[in-house]
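Enquirer: Kindly return the folded structure for what I paste below:
(one chain, ligands or ions: 1)
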Amino acid sequence: MAGTSFDIAVIGGGIAGLTAAHHAALAGASVVHFVEDGLPGGLVINVGALDGWPAAGPVGGAELAAGLMGQNEELGVTLVPSRIDRLEGGATRTLHGADGVWRARQVILATGATLKTLDVPGAERLAGRGVSQCAWCDGGLYRDADVVVAGGGDSALSEALHLGAFARTITIVTRGERFRARNHYVSRIASDERYHLRWASEIVEVSGADGVESVRVRDRESGTHEDIPCTGLFVFVGLTPNAGLAGPEIARDAGGFLVTDANFEAAAPGVFAIGAVRSGYGGRLTQAVGEATTAAEIAAARCES
Ligand SMILES: Cc1cc2nc3c(=O)[nH]c(=O)nc-3n(C[C@H](O)[C@H](O)[C@H](O)COP(=O)(O)OP(=O)(O)OC[C@H]3O[C@@H](n4cnc5c(N)ncnc54)[C@H](O)[C@@H]3O)c2cc1C
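Expert: Residues are numbered from 1 along each chain as shown. The predicted structure is shown next:
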C-alpha cells in the first residue's frame, strides 16, 4: 500500500503511539503515524526524568519520544504532523484530518488524555500567572516561594517532589483521605517537613491581582474555609480522554475513556485503543508500552491475511 492508504494508522504521538508505530513496522506492516504538530511526547514531553522507566540512567520524556520517532522513521513509518479529527467505519477505516484524508485497514487510537483544569473562580484568569500544570517548566520561578499542589495521584506527587528542589513550602491539597500514588513518592513527602498536607479538602477559589496570591481551601468534612498564601498553584486533578475523533459506535465508560477487550480492541472491529485514552489503563508508561506492543502485533498479523 502507498500514498494515502496503509495497513495500519496510529493516531497520537505520545509514548503509546510511538511504541505502537514501532512494533507495527517491525512486524512488516505499512504504517502511517499522526503526530499532532509533529511534536511527540504527549503528557511526558516536559518531564525531565521519568520514573519507573527501565533504562540505564535518567531519561527525559522529550528525549525518549524524539529517540523513538527517529527509530520509527528509520523503520519506514510515514510520519504525518497532523491531528485526525474524525474516524469513519467500514472494512477500511477513513481518517479525516485538517490536511487530508487517509485510509487504513487497522487503526490504533493512542490519543491519550489532557490534564483537567480547576473549575473555580480565579483559576482560568490566573493561568500562566501562577497557575501552572508543569513543575518541570515553571518550578524554577518559585525559588524560596510557598506553593500549593492540587491532587493526590502519581503526577501530583511527582511534580510536588520536583517543586521541592526550589520552593520553601509545598502544600498538597487533596480531596481524598490518602494519596493514590507510588509508595516511593508518599514516603519521600511524608519525611520532608516542607510538605504540608490538607486531606479531604478542595480548592474553591484562586485569588490575586496580577498573579496568584492565595488559594481558598474548603475542608470537605467540616465545611470550613481557609486562605493559604502562595504564589504558585500546580494543578494535577485528573485527566480527560482525547476521544472526540472516535464515532459513537465505539463504547465509552462513564468518564469518556474508550472501552476495549483484553486485546485492546474497541467495540468497532479493527479499531484499537491503547494508553491514557483507554478505560482501565494503569497510568504507567511501561503499561502504555505493553498495550501498544500487543495491539500493534495483533493489528499487523491481521494485515498479513
Ligand atoms: C505530569 C506527569 C508526569 C508523569 N510522569 C510519569 C513518569 O515519570 N513515569 C510514568 O510511568 N508515567 C508518568 N506519567 C504518566 C504518563 O505520562 C502517561 O501514562 C503516558 O504518557 C500516556 O501516554 P499516551 O501515549 O497514552 O498518551 P499521551 O501522553 O496523552 O499522548 C497522546 C498524544 O496524542 C495526541 N493527540 C490527541 N488527540 C489527537 C488527535 N485527534 N489526532 C492526533 N493526535 C492527537 C496528543 O496531542 C498527545 O501528543 C506522568 C503523567 C503526568 C501528567
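Enquirer: Give me the buried positions along the strand ranked longest in the chain.
Expert: The single longest strand within the chain, with elements called by DSSP state E, is strand 100-109. Neighbour-count burial for strand 100-109, counted by 16 or more other CB atoms under 10 Å, picks out 102-109. Bear in mind the C-beta positions are built from the backbone N, C-alpha and C, glycine included.
Enquirer: Give me the contact status of that strand with the ligand.
Expert: No: Strand 100-109 does not reach the ligand (CB under 6 Å from any ligand atom); its nearest approach is 8.7 Å.
Enquirer: Next SSE downstream of that strand?
Expert: strand 113-115 (DSSP states H and E).
Enquirer: What is that following strand packed up against?
Expert: strand 239-241 (3 or more CB pairs under 8 Å, 6 or more residues apart in numbering; DSSP states H and E).
Enquirer: same for the very next helix or strand once past the strand it packs on, what does it pack against?
Expert: As assigned by DSSP H and E, the chain's next helix or strand after strand 239-241 is strand 271-273. Judged by 3+ CB pairs under 8 Å, 6+ apart, the packing partners of strand 271-273 are strand 100-109, helix 285-304.
Enquirer: Mind checking the ones you listed for the one nearest to Ser132?
Expert: helix 285-304 (22.1 Å; CB to CB).
Enquirer: any idea of the mean pLDDT for that closest one?
Expert: Averaging pLDDT along helix 285-304 yields 97.
Enquirer: who touches that helix?
Expert: With contact meaning CB atoms under 8 Å, 6 or more residues apart in numbering, helix 285-304 is reached by 7-8, 10, 14-24, 27-29, 44, 50, 52-54, 105-106, 108, 110, 263-265, 270, 272, 274-276, 278, 281.
Enquirer: Distance check, Gly208 against Val107.
Expert: 45 Å (CB to CB, to the nearest Å).
Enquirer: How are the helices of the stretch 1-150 of the chain distributed by residue range?
Expert: 15-26, 61-74, 135-138 (DSSP state H, counting those that start in this stretch).
Enquirer: what bits of the stretch 1-150 of the chain have low per-residue confidence?
Expert: Scanning the stretch 1-150 of the chain for pLDDT under 70 picks out the ranges 1-3.
Enquirer: Close to the ligand: what parts of it are there?
Expert: 11-17, 34, 36, 42-44, 47, 50-52, 83-84, 110-113, 115.
Enquirer: Reformat the helices of the stretch 1-150 of the chain as JSON lines; add distance to Thr169.
Expert: Listed next are those as JSON lines, based on distance: least, CB to CB, whole Å:
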{"stretch": "helix 15-26", "distance to Thr169": "33"}
{"stretch": "helix 61-74", "distance to Thr169": "27"}
{"stretch": "helix 135-138", "distance to Thr169": "15"}
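Enquirer: Dump those to JSON lines, plus mean neighbour count.
Expert: JSON lines is the format used below for those (neighbours: other CB atoms under 10 Å):
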{"stretch": "helix 15-26", "mean neighbour count": "28"}
{"stretch": "helix 61-74", "mean neighbour count": "17"}
{"stretch": "helix 135-138", "mean neighbour count": "20"}
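Enquirer: quick revisit: other residues contacting the longest strand of the chain?
Expert: Contacts of strand 100-109 (CB under 8 Å, 6+ apart): 4-12, 17, 20, 24, 32, 80, 82, 87, 91-95, 243, 245-246, 258, 266, 270-274, 277, 292, 295-296, 299-300, 302-303.
Enquirer: ok, of the residues you listed, which come out buried?
Expert: Applying 16+ other CB under 10 Å to the contacts of strand 100-109 flags 6-12, 17, 20, 24, 32, 80, 82, 87, 93-95, 243, 245-246, 258, 266, 270-274, 277, 292, 295-296, 299-300, 303 as buried.
Enquirer: excluding its backbone neighbours, what's nearest Gly76?
Expert: Ala25 (6.0 Å; CB to CB, 6 or more residues apart in numbering).
Enquirer: so that neighbour sits right up against Glu73, yeah?
Expert: No: assessed by CB atoms under 8 Å, Ala25 is found out of contact with Glu73, at 9.8 Å.
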